[in-house]
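Peer 1: predicted coordinates and the sequence they were generated for:
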Amino acid sequence: MKWCARELANVEVCLRHAHELGMHDLVWQVPAALQGFFNLSKRVAAQYSTHALGLTAARECGSAEGIALMHLGISAAQRFWKNDGQAIDDGLEALEGFRALKNRRFEGIVLSNVAMSYVYIGWFGKAYEFFAESLAAAQEVGDRHAEAWALTNLGAAQRRDGLLDDSLSALRRAAEIRTAIDDLDGEAWTRAELGRTCSDLGLSDAAEAAFERSIALHLAHGNTYGHARALDQLGSHFERTGQHDRAREVWEEALPLFTALRGSDAARLRLNLARLGPAR
């Protein structure tokens, strides 16, 4: 992680030079290999630019796998930027590619991602269709990691749809899988979603425990964005339960993390802190 963050600008320059030299396979393979880094670091502008260049290169060398993987990465960046229509379009391009390649594992991953984009635009019926297909694909190939992600996304969608009991069930199943396969990074994300659902259900102690577990896991993995996001959500839980001093404390802890990430969350958090006012 530290090496990738330090050398990312050099990697981008090298990829442009490699493209000019006609090393097209390398140009799409490198961003594909960096996908885990991009997911953790949220260096979204670099994710988009490297995958866009990789898509051009994959088309130039006729790599169907490269084209599908680059669309997948571009879709993830667009979803982070809340460009949900474009995220869906690129996701469907990736889905078509992986289906042609008969790659059921990646097909299931893309289905879950596109389903979340449908959730964000309010198309819950379409989202639930895609979640069902994603779970079926993950179970067919025995990919418990992908199954847990699909259940986590499904639980998040059901919470947005007001189906809180269903959300709780899906997220508990996802957390059980994460624990069983020792997927601590994935568990961190699932626990945060579980905390949000418990908070909505009024299960305050369970919500706080889930958020605290998520924070501890993100810290252990050095995931700054995940750490900041879980702190932010814990702060929202404290505010809704009238624990304003505790909300202020965790939001003040999250603020420098979001500031370092240079996204829009820092400005939103400053507004939250201003709304709370000074500590009593």
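Peer 2: Sure thing, it's come through. The shown structure was predicted, so the numbers you read here are calculated from the model rather than taken from an experiment. Residues are numbered from 1 along each chain as shown.

Peer 1: which is the next helix or strand following the helix or strand hosting residue 28?
Peer 2: For residue 28, the element it lies in under DSSP states H and E is helix 24-33. The C-terminal neighbour of helix 24-33 among helices and strands, as given by DSSP H and E, is helix 35-41.

Peer 1: that next one packs against which elements?
Peer 2: Counting by 3 or more Cβ pairs under 8 Å, 6 or more residues apart in numbering; DSSP states H and E, the packing neighbours recorded for helix 35-41 are helix 2-20, helix 44-61, helix 64-80, helix 224-240. For every residue, glycine as well, the C-beta is placed using N, CA and C.

Peer 1: just the buried positions in the last one, please.
Peer 2: Using 16 or more other Cβ atoms under 10 Å as the test for burial, helix 224-240 gives 224-239.

Peer 1: circling back: can you flag the weakest of the helices and strands packed on helix 35-41 by average pLDDT?
Peer 2: Taking the mean pLDDT of each of the helices and strands packed on helix 35-41, the lowest value is held by helix 2-20, a mean of 91.

Peer 1: quick one: distance of that helix to the chain centre.
Peer 2: On the basis of Cα atoms, centre = their mean, to the nearest Å, helix 2-20 is displaced by 23 Å from the centre of the chain it belongs to.

Peer 1: other SSEs contacting it?
Peer 2: Packing partners of helix 2-20 (3+ Cβ pairs under 8 Å, 6+ apart): helix 24-33, helix 35-41, helix 44-61.

Peer 1: redo the ones you listed as TSV? Include distance to residue 183 and mean neighbour count.
Peer 2: Compiled in TSV, these are given as follows (distance: least, Cβ to Cβ, whole Å; neighbours: other Cβ atoms under 10 Å):
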stretch	distance to residue 183	mean neighbour count
helix 24-33	20	20
helix 35-41	13	18
helix 44-61	22	20
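
Peer 1: residue 206 is nearest to which of these?
Peer 2: Closest approach to residue 206 among the helices and strands packed on helix 2-20 (Cβ to Cβ): helix 35-41, 26.6 Å.

Peer 1: so what touches the closest one?
Peer 2: For helix 35-41, contacts defined as Cβ atoms under 8 Å, 6 or more residues apart in numbering pick out 1, 4-5, 31, 43-44, 46-47, 69, 72-73, 76-77, 185, 221-226.

Peer 1: could you chop this structure up by domain?
Peer 2: Structurally, the chain divides into domains by automatic domain parsing as follows: 8-34+42-102, 106-156+165-178, 206-280.

Peer 1: return the most buried member of the ones you listed.
Peer 2: When these are scored by mean count of other Cβ atoms under 10 Å, the highest mean neighbour count falls to domain 106-156+165-178 (a mean of 21).

Peer 1: do me a favour and average the pLDDT over the strand or helix carrying residue 271.
Peer 2: Take DSSP H and E as the rule and residue 271 turns out to sit in helix 265-276. Averaging the model's pLDDT scores along helix 265-276 yields 93.

Peer 1: what angle sits between it and helix 224-240?
Peer 2: Orientation check (axes from the mean of the first three to the mean of the last three Cα atoms, to 10 degrees): helix 265-276 against helix 224-240 gives 20 degrees.

Peer 1: what distance separates the helix holding residue 28 from the centre of its chain?
Peer 2: Between the centre of helix 24-33 and the centre of its chain there are 21 Å (Cα atoms, centre = their mean).

Peer 1: then stretch 66-86?
Peer 2: 12 Å.

Peer 1: the residue most central in space within the chain and residue 241, how far apart?
Peer 2: In the chain, the centroid-proximal residue (Cα atoms, centre = their mean) is residue 39; its distance is 6.5 Å. In this view, residue 39 and residue 241 are 31 Å apart by Cβ to Cβ, to the nearest Å.

Peer 1: next one: residue 19
Peer 2: From residue 19 across to residue 241, the span is 53 Å (Cβ to Cβ).
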